[in-house]
Each structure stands twice: as C-alpha cells, then as structure tokens.
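K.L.:
Take a look and give me a structure for this.
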Amino acid sequence: MNMNNELSYDKINGDVYFIEESHKYGNVKYPNIEYLSVTTAIGKYHEKFDEDFWSSYKAIEKIFGIQTFKNSGIRKTLLNTKKWKDDYLDLVDIDKNLFFDIKRGILLEYETNRRESCEIGTAYHLKRELEFYNKPMIKIPNLIGDDTEFQCEKHNWDLSRENAILPEYLVYYHSDDGLLNIAGQIDLLIKKGNDIYIFDYKSNRNGIEKKAYFNKSTNRTKRMFYPLTHIDDTTYNHYELQLSFYAWMLKKINPNFKIKQLVLLHNPRGEGEETRFDLVYREKDIEALVHDLWKLKYLDKQKNVIMM
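P.N.:
You can find the predicted model right below:
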C-alpha cells in the first residue's frame, strides 16, 4: 500500500488511485473528482436482482410446492408485477409466520453465497495475477495463440512498451469538460505492439447467462434500459459491455490501439478448468452509453444550479 500525505491507496496509475477495502477510485491531484466505476455505470442500465421479491417468491413456492405454485394465480401476479408487497399474503391461505421464517432463511442463504463468492473471486483473481510476476520473459500461446515473449512488471502501467502483460490494469476516462469521470480495472491486459487483448475472470456459481427471460405477456425478452434497449438483459451481455468499456477507454488513450480480443474466462469455483467466451467489441453501444451518462451528469449539474 502506498502513502501520499494522509491518503493511502492500493494502486495508482497517473493521478488516479484505487482503494481495495472501500472499492473507491480517486484522484491525488484533484481530490474533488468523483469516479464512477465501469461496473456501476453498466449497472445503471439493467434491472438489479431484487432480493426482497425473489426471497418472497421462493418462500411461497416452497410452501405451495413447485407444481401447485406453478399453476397458481399468485405466481402469475408476482411475475407480472416483479414487486413484492406483504399485502399479497392476504391473497393466499398460508401461515404468515412460516412464510417469514422461510424468507429469512432464503435471505441468509443469499448473504452466505454472496460472501463465499466474493472470497472465491478474490482468491481466484490473486492467483491469476501472481502467475505472471517474477518471470523474465513470458509466453502465453494458450491465451493469444502465438509464442510472442512478453514482459511483466508489477505496477508498471507503461503502455509504450512493445510487448507487455499488465495484470489488474487501472484504466480511466475523463470527459473534456470534466463532468464525467470513469475508472475500472482490467483483470488482464496484454499489449502486443498496438494489438490489445483484454481478459476478465469470473467465478460466479450460477454460470454465464446468455438467454434472457421471456415475458409472455409482452411477447419479448427482457431488455436493458435506454439507450441499450436493443440488448437482452443477461449477464453475458453485461460482461461484454464491461470489457467493451475497458477497450473503449484504452482507445481514448491511444487511438492507434487495435482491439484484437475481448475474452471472458469463467471458473465457478476459482479452480480447475476455465470456460472461455470470446466477446464482441460493442464500440457504438459504449459511445451511446457514455453520452447518456454524460447527459445525466449535465442535467444533475443544471438542477443543482437552479436550486442554489
């Protein structure tokens, strides 16, 4: 951990730093700058997992039994609204105390799974990061398909090097007017000349969801929010946007960079074999997303000016 007066941080690239414990990005030169993380930015454009709703849904399903619940009116009501109200309990003949006991157990299970997934993910990322350090030259044909030799130095973020491996690369973007500031970390950045390869590690136990929920009442799949309403709301697409955002920021640093590969490596337990997903660079979608994020910042600033 580095120290700068009273400020401590785990990583710094240029003036932008990252603090692991709080998962916060900041700027040592301009401390008033607030950064939006890439994952938080993308999260603004898709539906969040509603623990209250799904724990209630699962609790009623458990009390009814799967088959009975499947054909029940309360199930149709819940799936149509996707919101939970305790008033719904008046629509069904169940023991309310039993319902709340089961619901608490499901919420506790969510919390336990979240904590375990976080621990597995942290260990998995660290294991992969340490694979590249303390080696004079590295070949990675399994990742990029050739025997090019690469250099890797911990916390050396110099992108002018010809062939470099940069684990946990801190990347950021500032709009010209300073309204929008975004930062993120690339799990593994490989630079071969001006060719860019971006890899991301995922260890979520539920896998990579590629098929979106189909709503029979609207006769369409669940989509992301404007301006991404043409994209199905799946974890696969969220991750594709995440890596595309990293690629977009790198090209802002150097327009001569060529995005060769965006790759997702999934390992549900952080050990054993990984499943590889080769993703598409969604440049136009990121441009639209950045414009919308900037517009929201601008409108918020104008609102604050009016209220002063």
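K.L.:
And the next helix or strand past the helix or strand where Glu168 lies?
P.N.:
Element membership for Glu168 (DSSP states H and E) is strand 163-174. Sequence-wise, the next helix or strand downstream of strand 163-174 (DSSP H and E) is strand 181-192.
K.L.:
Using CSV, write out every CA atom in that next one.
P.N.:
C-alpha atoms of strand 181-192 as CSV (Å, rounded to 0.1, in the frame of the first residue of the first chain):
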residue,chain,number,x,y,z
ASN,A,181,-15.1,10.5,-14.8
ILE,A,182,-15.0,6.7,-15.1
ALA,A,183,-12.5,4.2,-13.8
GLY,A,184,-12.1,0.4,-13.8
GLN,A,185,-9.6,-2.4,-13.6
ILE,A,186,-8.8,-4.8,-16.4
ASP,A,187,-8.1,-8.3,-14.9
LEU,A,188,-5.5,-9.0,-17.6
LEU,A,189,-4.4,-6.6,-20.3
ILE,A,190,-2.0,-7.9,-23.0
LYS,A,191,-0.3,-5.5,-25.4
LYS,A,192,1.4,-6.8,-28.4
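K.L.:
and the chain, what are its domains?
P.N.:
1-34, 137-307 (automatic domain parsing).
K.L.:
Quick check: the spatially most central residue of the chain vs Lys24, distance?
P.N.:
Residue closest to the average C-alpha location in the chain (C-alpha atoms, centre = their mean): Thr39, at 3.9 Å. From Thr39 across to Lys24, the span is 13 Å (C-beta to C-beta, to the nearest Å). C-beta here means a position set from N, CA and C on the backbone, and glycine is covered the same way.
K.L.:
What of Asn267?
P.N.:
To Lys24, Asn267 is 27 Å away according to C-beta to C-beta.
K.L.:
more neighbours, these two?
P.N.:
Set Asn267 next to Lys24 and count neighbours by other C-beta atoms under 10 Å: Asn267 wins out with 18 against 14.
K.L.:
Provide a list of residues in contact with the more buried one.
P.N.:
Counting by C-beta atoms under 8 Å, 6 or more residues apart in numbering, Asn267 makes contact with 124, 201-203, 273-275.
K.L.:
Got the phi and psi for it?
P.N.:
Note on Asn267: backbone dihedrals following degrees, to the nearest 10 are phi -140, psi 100.
K.L.:
what's the pLDDT at it?
P.N.:
pLDDT for Asn267: 91.
K.L.:
Then Ser22?
P.N.:
Confidence score, pLDDT, at Ser22: 89.
K.L.:
So it: helix, strand or coil?
P.N.:
The three-state assignment at Ser22 reads coil, by DSSP: H, G, I helix; E, B strand; the rest coil.
K.L.:
Just the helices from this structure, written as ranges.
P.N.:
Here the chain has its helices, by DSSP state H, at 38-43, 51-64, 66-70, 73-81, 96-130, 141-144, 235-253, 283-307.
K.L.:
Run through the neighbouring helices and strands of the last one.
P.N.:
So the one you mean is helix 283-307. The helices and strands touching helix 283-307, judged by 3 or more C-beta pairs under 8 Å, 6 or more residues apart in numbering; DSSP states H and E, are helix 38-43, helix 235-253.
K.L.:
now that helix: mean pLDDT?
P.N.:
Mean predicted lDDT for helix 283-307 stands at 90.
K.L.:
Just give me how far that helix sits from the chain centre.
P.N.:
Helix 283-307 has its C-alpha centroid displaced from the chain centroid by 20 Å (C-alpha atoms, centre = their mean, to the nearest Å).
K.L.:
Which residues outside it are in contact with it?
P.N.:
For helix 283-307, the external contacting residues (C-beta under 8 Å, 6+ apart) are 36, 41-42, 44-45, 173, 175, 179-180, 182, 226-228, 231, 241, 244-245, 247-248.
K.L.:
Any stretches of the stretch 151-300 of the chain with poor pLDDT?
P.N.:
270 (pLDDT under 70).
K.L.:
Kindly recompute the last result at 90.
P.N.:
Within the stretch 151-300 of the chain, the stretches with pLDDT under 90 are 154-155, 204-207, 213-219, 268-273, 300.
K.L.:
hang on, the earlier thing: what's the most buried one of the domains of the chain?
P.N.:
domain 137-307 (a mean of 16; mean count of other C-beta atoms under 10 Å).
K.L.:
quick revisit: which one is the residue nearest to the centre of the chain nearest to, not counting chain neighbours?
P.N.:
Leaving out its chain neighbours, the residue that sits closest to Thr39 by C-beta to C-beta, 6 or more residues apart in numbering is Gln242, at 6.3 Å.
K.L.:
Many thanks, we can stop here.
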